[in-house]
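# coords please:
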Amino acid sequence: MPQAFVQLTKLSKRFGPLLAVDNLSLEIGKGEALTLLGPSGCGKTTTLRMVAGLETPDSGAITFDGRPVVSVVDRINLPPEKRNIGMVFQSYAIWPHMTVAQNVAFPLRVRRVDGATIRERVRAALTMIGLGGLEDRPATRLSGGQQQRVALARALIHEPALLLLDEPLSNLDVKLREQMRVELKLLQARLGLTLIYVTHDQSEALSLSDRIAVLNRGRIEQIGSPRELYERPATPFVRDFLGKSVTLAGSIRAIAAGRAAVELAYDGGVVIDCAIPAGLDLALGRAVEISVRPEALRLADGANGDASTLHGVVEAVLYQGERAECEIKIGGVAVPIYLPPDTQASRGDKIALSIARDAPRLWTK
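Residues are numbered from 1 along each chain as shown. Alright, predicted model coming up:
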């Protein structure tokens, strides 16, 4: 991780009996894009609002580049306007009575920047986000994607040290969301922004982040790179929240050289070879689960399959253009898999599947 720029230390926040953020500590490196990811109510937006100065923590401290902006013990709590941050909200918060230029210029006007500098910087900001020439257009005549860009330009116009984004793409349609993901990623890299992004959308988190902090009930379940969290989740919550997962029950049949043979509970005789995670205590006969991502399952030759070949029945086929998403029933358990778009599979077909080596992860029950 780069040198820490934002440091959160033992932050807690209650709303009545609800503990929204529970003793949370986190460091964000300078120039890093970090995403707070989790379901509704996990504490991610409350954490972001405490960083912004829109909520006051009950305990803990926040520093920016070593400078305290919040310390409950020392009674420090800088107001938002003194934290040198930019923020983009889910609703964009575009003022409908203002033009595009007036919306973007607002942070500079309240800072009493001179008119010539404001006009120059507004033009540069709108050109940067692809809205050059729309300075005089009323804000109400913009599309959702254009309003989102105006909100982003307004957040960046005063050159903040830290950019905070609270689910900024959730109101856009699918195509615009995908486009804006790319634009945000390129913009962040080009400007070297330190960025904290809040979302419950796994695709956004995986594609935009240098690191992801997965939150659950006000605490961090796991933090790491998108690849690390997707391929090596530390807990079942992270595994199941970050993308689809195929989970199958079984028991330990053999243990040798850091690997375990797991006999599946509902496909008689099928044995899956798994690496044993560090620190996992296993014994012969112990009930366990294995999990794999759907893309790690491949079609196999049912007639010539080995002891690790899974056998199931096609329940549904959903054509998605670039792939076919299939629901396969294996021993009474429905599991999702991804197959090539030209796969000739129909409901009721018997199917054999193999698992890529080292794809299965072993979990105790």
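# C-alpha from now on. contacts and neighbour counts both.
Noted.
# Low-confidence ranges, this protein, go.
Counting by pLDDT under 70, the chain has low-confidence residues at 1-2, 92, 267-268, 302-305.
# May I ask you to name the longest helix in it?
Counting by DSSP state H, the longest helix found in the chain is helix 174-191.
# That one: how far from the chain's middle?
15 Å (Cα atoms, centre = their mean, to the nearest Å).
# again with stretch 77-93
Distance of stretch 77-93 from the chain centroid (Cα atoms, centre = their mean) equals 21 Å.
# same question, stretch 191-207
7 Å.
# Please identify the buried residues of that stretch?
Neighbour-count burial for stretch 191-207, counted by 16 or more other Cα atoms under 10 Å, picks out 193-202, 204-206.
# The longest helix of the chain: which residues count as buried?
177, 180, 181, 183, 188.
# can you check stretch 65-81 too?
Within stretch 65-81, the residues that qualify as buried by neighbour count (16+ other Cα under 10 Å) are 68, 69, 70, 71, 77, 80.
# How about stretch 239-246?
239, 241, 242, 244, 245, 246.
# Could you verify that the first one is part of a strand?
No: assessed by DSSP: H, G, I helix; E, B strand; the rest coil, residue 239 does not belong to a strand; its assignment is helix.
# wait, doesn't it sit right on residue 245?
Yes: between residue 239 and residue 245 there is a contact under Cα atoms under 8 Å: 7.0 Å.
# can you give me the helices in the protein?
Under DSSP H, the chain gives helices at 44-52, 100-110, 115-128, 144-156, 174-191, 202-208, 226-231, 236-241.
# mind checking which of the ones you listed is nearest residue 363?
helix 236-241 (8.2 Å; Cα to Cα).
# Need the contact partners of that closest one.
Here helix 236-241 makes contact (Cα atoms under 8 Å, 6 or more residues apart in numbering) with 38, 202, 214, 221, 222, 229, 230, 233, 245.
# repeat that for 7 Å
Applying Cα atoms under 7 Å, 6 or more residues apart in numbering, the contact partners of helix 236-241 are 214, 233, 245.
# for the first one, which residues make a bridge with it?
Residues found in beta-bridge contact with residue 214 (criterion: DSSP bridges) are residue 37, residue 222.
# For residue 142, give its distance to residue 310.
From residue 142 across to residue 310, the span is 53 Å (Cα to Cα, to the nearest Å).
# For the two, work out which one has more neighbours and name it.
More crowded of residue 142 and residue 310, by other Cα atoms under 10 Å: residue 310, with 25 against 14.
# Can you tell me the closest non-neighbouring residue to that one?
Leaving aside its sequence neighbours, residue 310 sits nearest to residue 353 (Cα to Cα, 6 or more residues apart in numbering; 5.0 Å).
# One more: residue 136?
Residue 136 sits nearest to residue 99 (Cα to Cα, 6+ apart), 5.5 Å away.
# Share the number of residues neighbouring the one you found, please.
Close neighbours of residue 99, defined as other Cα under 10 Å, add up to 19.
# Spatially, which residue comes closest to residue 327, not counting chain neighbours?
residue 336 (4.7 Å).
# Hmm, that neighbour is touching residue 324, no?
No: under the criterion of Cα atoms under 7 Å, residue 336 is not in contact with residue 324, lying 10.4 Å apart.
# How far away from the center of its chain is stretch 103-112?
Distance, stretch centre to chain centre, for stretch 103-112: 32 Å (Cα atoms, centre = their mean).
# buried ones in it?
Applying 16+ other Cα under 10 Å to stretch 103-112 flags 103, 104, 105, 106, 107, 108 as buried.
# Repeat that for stretch 10-17.
For stretch 10-17, burial by neighbour count (16+ other Cα under 10 Å) applies to 10, 11, 12, 13.
# Against residue 150, how distant is the residue nearest to residue 136?
According to Cα to Cα, residue 99 and residue 150 sit 10 Å apart.
# and if you look at residue 141?
In this view, residue 141 and residue 150 are 12 Å apart by Cα to Cα.
# My guess is residue 205 contacts residue 33. True?
No: between residue 205 and residue 33 there is no contact under Cα under 7 Å: 9.9 Å.
# Now for the two: what residues contact both?
Residues touching both residue 205 and residue 33 by Cα under 7 Å, 6+ apart: none at all.
# The most centrally placed residue in the chain and residue 25: what is the separation?
With distances taken as Cα atoms, centre = their mean, the residue of the chain nearest its centroid is residue 205 (2.6 Å). Residue 205 sits 20 Å away from residue 25, going by Cα to Cα.
# swap in residue 172?
Residue 172 is 32 Å from residue 25, by Cα to Cα.
# same deal with residue 348?
Separation of residue 348 from residue 25 (Cα to Cα): 51 Å.
# quick revisit: save the buried residues of stretch 239-246 as a markdown table, and put in distance to residue 4 too.
As requested, these are arranged in a markdown table below (distance: Cα to Cα, whole Å):
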| residue | distance to residue 4 |
| --- | --- |
| 239 | 28 |
| 241 | 27 |
| 242 | 26 |
| 244 | 32 |
| 245 | 33 |
| 246 | 37 |
